[in-house]
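Q: Build me a model:
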Amino acid sequence: MKRLLFIPLFLSSFTLSQDVILTFDCPEEVPSGSDGNLFSFHINIQESNIVTDMNFDIIINSNEYIDIDIYSWIPEDLYYYELFSMPCYQIDEGLSCIFETIEPGFYIIAPGTHTFSYEFSALEGNSEVTLSFANVWFSNFDGNQLEVDYSDLCTIQIVSEGNEEIIVDYQSDWNLVGLPLEVSDATYNILFPESIDATLYSFDIGYNLETSLIQGEGYWLRFNDAGSTTISGSQINELTISLSEGWNLISGITNTFNISSIQDPDEIIISGTIYGFTPDGYANANIFEPGKGYWVRANNSGNIILISE
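A: Numbering: from 1, shown residues only. Purely as a prediction, here's the structure:
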């Protein structure tokens, strides 16, 4: 009796086995803006099957729209090159790549595991991308449709290293400002959209009208009303700032920075001459706040260094 019960169970398990298994091989994460990333998919055809035709899509869906460019990279094997045509079509919510035989019935795909890789670029963004198989269809030499397991998913994190946002407050009228993050566009009216036109001034012996901000430099900028702006970009964790003899307008790094941590190898900073600007006027500063500008006086020209702790 035990044998009679065991045999049907074994046969049932064998009957339900898949003829073809599709799986992914993907990186867990890739940097935003990076090129030359690879993901692969595997077509595992079980020993008892010979595939003569197939068609399926690889769909890429994201939590938010990220333009990921993907183009085919075919292994250096003429058998694969002759067998498959691999166009990719851009769609609104991601990208779909369709794979199919050139002439169904003229080529056969032998049992075993066949691997294909795709190279992709991840444009700027910070999200998660999921790859999945869809619209899967395999058939054998007799024209019968095969059972395919295509449930595998691939999840890739698209990460922007050091990407963050900083809120910079400002008062009405004149302010001392600086650039707290590495940004793609440092034009003053992009970073400070409520500022008054043509009021950004740097200082180098005298005042100079500017249109963009540079890391480590301080500026005067004027506003009609008090408010705040949000600046997005990558962290600035280290700065080397060149000082001229006399007064200089400078700014700090991404994090709040204690002036006692300034590296001043030539001791050019004159003690007690670092000033910020408040609604009540100038005040001695003990810290550099991100997005703010500061006056500092040097007894000679040279460099100082700010490194995040």
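
Q: beta partners for Phe223?
A: Asp173, Ser195 (DSSP bridges).

Q: Provide a list of residues in contact with it.
A: Phe223 is in contact with 170-173, 175, 192, 194-196, counting by CB atoms under 8 Å, 6 or more residues apart in numbering. No exception for glycine: its C-beta is placed from N, CA and C like everyone else's.

Q: Which pLDDT value goes with it?
A: Per-residue pLDDT puts Phe223 at 98.

Q: Same question for Gly125.
A: So, for Gly125, pLDDT stands at 53.

Q: what's the answer for Pro27, then?
A: For Pro27, the model assigns a pLDDT of 87.

Q: Could you do Thr23 as well?
A: So Thr23 comes in at 92 (pLDDT).

Q: All the helices of this protein, residue numbers only.
A: Using DSSP state H, the helices of the chain run over residues 2-15, 78-83, 188-191.

Q: CA atoms of the last one as CSV?
A: In CSV, the C-alpha atoms belonging to helix 188-191 read as follows (Å, rounded to 0.1, in the frame of the first residue of the first chain):
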residue,chain,number,x,y,z
TYR,A,188,21.8,82.1,-8.1
ASN,A,189,18.2,82.6,-9.2
ILE,A,190,17.8,78.8,-9.5
LEU,A,191,19.1,78.2,-5.9
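
Q: Please identify the buried residues of that helix?
A: Burial within helix 188-191, assessed by neighbour count using 16 or more other CB atoms under 10 Å, is assigned to 188-189, 191.

Q: Return the closest of those with respect to Asn237.
A: Relative to Asn237, the closest of those is Leu191; by CB to CB it sits at 19.6 Å.

Q: can I get the contacts of Phe223 in CSV with neighbour count, distance to Asp57 and pLDDT?
A: Listed next are the contacts of Phe223 as CSV, based on neighbours: other CB atoms under 10 Å; distance: CB to CB, whole Å; pLDDT from 0 to 100:
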residue, neighbour count, distance to Asp57, pLDDT
Tyr170, 22, 51, 98
Gln171, 13, 56, 97
Ser172, 12, 57, 97
Asp173, 12, 59, 97
Asn175, 24, 54, 98
Phe192, 25, 46, 98
Glu194, 13, 47, 97
Ser195, 20, 49, 98
Ile196, 14, 54, 98
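
Q: Closest one of those residues to Ser228?
A: Proximity of the contacts of Phe223 to Ser228 (CB to CB) peaks at Tyr170, which lies at 6.8 Å.

Q: Once you drop chain neighbours, what's closest to the closest one?
A: Spatial nearest neighbour of Tyr170, excluding adjacent residues (CB to CB, 6 or more residues apart in numbering): Phe223 at 5.4 Å.

Q: I'd like the distance between that neighbour and Phe257.
A: Computed with CB to CB, to the nearest Å, the distance linking Phe223 and Phe257 is 24 Å.

Q: from what I can see Ser261 touches Glu309, true?
A: Yes - Ser261 is within contact range of Glu309, at 6.4 Å (criterion: CB atoms under 8 Å).
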